[in-house]
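Engineer: From the sequence below, what's the structure:
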Amino acid sequence: MTEVVIVGGGPVGLFLAALLLQQGVGVRVLEQRVSPNTHSRAIGIHPPSMEALDAVGVAGTLASDGVQIRRGVALWAGKEFAHMRFDTIPARYPFILSVPQALTEAVLARRVRELDSDAVRAGVRAIGLRDDGGTLIADTESISGRGSFRAALVIAADGAHSTVRELLGTPTRLKTYPDAYLMGDFADNTPFGPDAALFLDAQGIVESFPLPGGTRRWVARLPAGPPRAETPALSAERLAALLRQRTGLTVDAGSNSMMSGFGVRSRGVRRMVQGRTFFIGDAAHEISPIGGQGMNLGWMDALALAPIITAFLAGVVTDREVRSYDRTRRRAAARAMRQAEINMALGRPLPPPALAVRNLTIGRLAAIPAINSGVARRFTMR
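Structural biologist: Take a look at the predicted model:
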């Protein structure tokens with residue numbers, strides 16, 4: 001028997017494991033993947049998350065491996081009409097760090113192994129969850145056969161398609177949106193350097209973020225409907241064409257190293273605590289990736305949950321503290337969902353006259369220091 005079983009070995013589950021192991025808590029992380037995922041979707045680490053990652057000793061490594069985005073610029077018709085600075089916000093890490101999720105996971109996994117070389121069980125899939133009245137039993141399946149893990153608590157950190165959520169029949173609220181995007185990483189031949197760039201075009205937004213290794217991520221809102229199923233090479237050509245049309249910039253489709261198309265939905269559990277099972281990250285709240293809040297929100301869940309877990313194991317946690325965790329984290333998710341909806345609305349197509357009015361208004365407001373700073377704080381989840 002172990003004290004805590006964490007289902008899901010992504011960045012959120014690994015971060016919680018490191019927090020708990022540092023406190024002497026026995027942890028087993030069940031990760032159904034046999035090998036690490038090299039497909040990086042999440043790249044942005046916000047200042048509060050950098051401070052949280054510092055608590056497990058990995059923030060410095062990530063900061064040196066990533067690109068520190070200290071400024072974002074908004075462009076229209078080839079010209080910058082607004083900018084936002086992140087390095088004026090009081091914070092220990094005054095920037096948004098751009099680093100591939102695969103690298104973030106690798107750094108966290110190495111930290112977990114340093115704390116307990118046997119903590120992560122790869123290739124193990126949860127297929128059942130039972131409560132015998134004294135402990136929780138996670139039934140599992142792996143290449144070596146079926147087995148089980150006993151624990152005082154189970155943490156569901158197994159993503160938007162959570163197996164634990166399905167096993168428990170956990171009710172959720174689901175909302176779908178009409179927006180769809182095409183995303184790809186290409187060699188960076190732009191003049192933006194470490195800046196993020198948003199192109200507010202009449203046909204839809206284009207977002208651009210620097211990545212380590214001379215690479216830049218591009219995200220373009222699709223004209224209508226869900227992304228088409230096509231080969232990565234065809235998708236890269238399609239995205240390159242959209243970028244030329246909306247930004248006037250040319251990217252080398254042949255330099256593409258990652259492609260992804262996605263629609264958007266939001267989903268939230270009605271309770272983040274179900275018996276002695278806790279939900280965190282995308283298992284608890286799926287949010288539009290536009291704005292890069294999902295992974296960061298999951299880390300804040302883990303940071304808030306860790307002391308609840310240690311208190312529970314010590315027999316001193318109260319129902320009031322558990323209810324407070326459930327309430328405050330669901331509120332945080334609701335705020336993030338509202339911000340994501342604002343971000344998506346900003347990127348939808350507009351007739352040229354309406355686009356001109358909106359962009360000019362944004363430019364005037366961004367020139368007011370107090371407003372600029374306030375918006376920057378919202379974007380960085382301060």
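Engineer: Could you list the low-pLDDT ranges of the stretch 1-150 of the chain?
Structural biologist: Scanning the stretch 1-150 of the chain for pLDDT under 70 picks out 40.
Engineer: can you rerun that using 90?
Structural biologist: Applying pLDDT under 90 to the stretch 1-150 of the chain picks out residues 1, 34-42, 87-91, 132-134.
Engineer: would you list every one of the strands in it?
Structural biologist: 2-7, 27-31, 44-45, 67-69, 71-76, 79-85, 96-98, 120-122, 125-131, 136-142, 145-156 (DSSP state E, counting those that start in this stretch).
Engineer: gap between Gly275 and Val154?
Structural biologist: From Gly275 across to Val154, the span is 9 Å (CB to CB, to the nearest Å). Yep, even glycine has a C-beta here, placed from its N, CA and C like the rest.
Engineer: quick one: which of those two has more around it?
Structural biologist: For Gly275 versus Val154, neighbours defined as other CB atoms under 10 Å are more numerous around Val154 (26 against 12).
Engineer: Identify the residues contacting that one.
Structural biologist: Counting by CB atoms under 8 Å, 6 or more residues apart in numbering, Val154 makes contact with 4-7, 129, 136, 138, 164, 276-278.
Engineer: pLDDT below threshold where in the stretch 151-300 of the chain?
Structural biologist: Along the stretch 151-300 of the chain, segments meeting pLDDT under 90 span 223-234, 262-263, 288-293.
Engineer: Out of the contacts of Val154, which comes closest to Gly57?
Structural biologist: Ile6 (18.8 Å; CB to CB).
Engineer: need the contact list for the closest one.
Structural biologist: Contact partners of Ile6, counting by CB under 8 Å, 6+ apart, are 13, 16-17, 27-30, 154-155, 157.
Engineer: Repeat the analysis, applying 7 Å as the threshold.
Structural biologist: Contacts here follow CB atoms under 7 Å, 6 or more residues apart in numbering; on that basis Ile6 touches 13, 16-17, 27, 29, 155, 157.
Engineer: Could you report the distance from it to Arg244?
Structural biologist: To Arg244, Ile6 is 45 Å away according to CB to CB.
Engineer: Touching stretch 194-212 from outside, list them.
Structural biologist: Stretch 194-212 is contacted from outside by 43, 65-76, 98-100, 185, 188, 192, 216-221, 223, 243, 246-247, 346-352, 355, 359, using CB under 7 Å, 6+ apart.
Engineer: now it, how far from the chain's geometric center?
Structural biologist: 18 Å (CA atoms, centre = their mean, to the nearest Å).
Engineer: Can you give me the end-to-end span of it?
Structural biologist: 10 Å (CA to CA, to the nearest Å).
Engineer: list the buried ones in it?
Structural biologist: Residues of stretch 194-212 classed as buried: 195-211 (neighbour count, 16 or more other CB atoms under 10 Å).
Engineer: Could you list which of these belong to helices?
Structural biologist: If you go by DSSP state H, the buried residues of stretch 194-212 have nothing in helices.
Engineer: Regarding this structure, what is its longest strand?
Structural biologist: Secondary structure of the chain per DSSP state E: the longest strand is strand 172-187.
Engineer: Listing partners with orientation, what would you give for that strand?
Structural biologist: Strand pairing for strand 172-187, using DSSP bridges, gives strand 215-221 (antiparallel), strand 258-269 (antiparallel).
Engineer: just the ones you listed: most buried one?
Structural biologist: Ranked by mean neighbour count under mean count of other CB atoms under 10 Å, the strands paired with strand 172-187 are led by strand 215-221, which reaches a mean of 23.
Engineer: can you give me the offset of that one from its chain's centre?
Structural biologist: Remark: strand 215-221 is offset 16 Å from the chain centroid, using CA atoms, centre = their mean.
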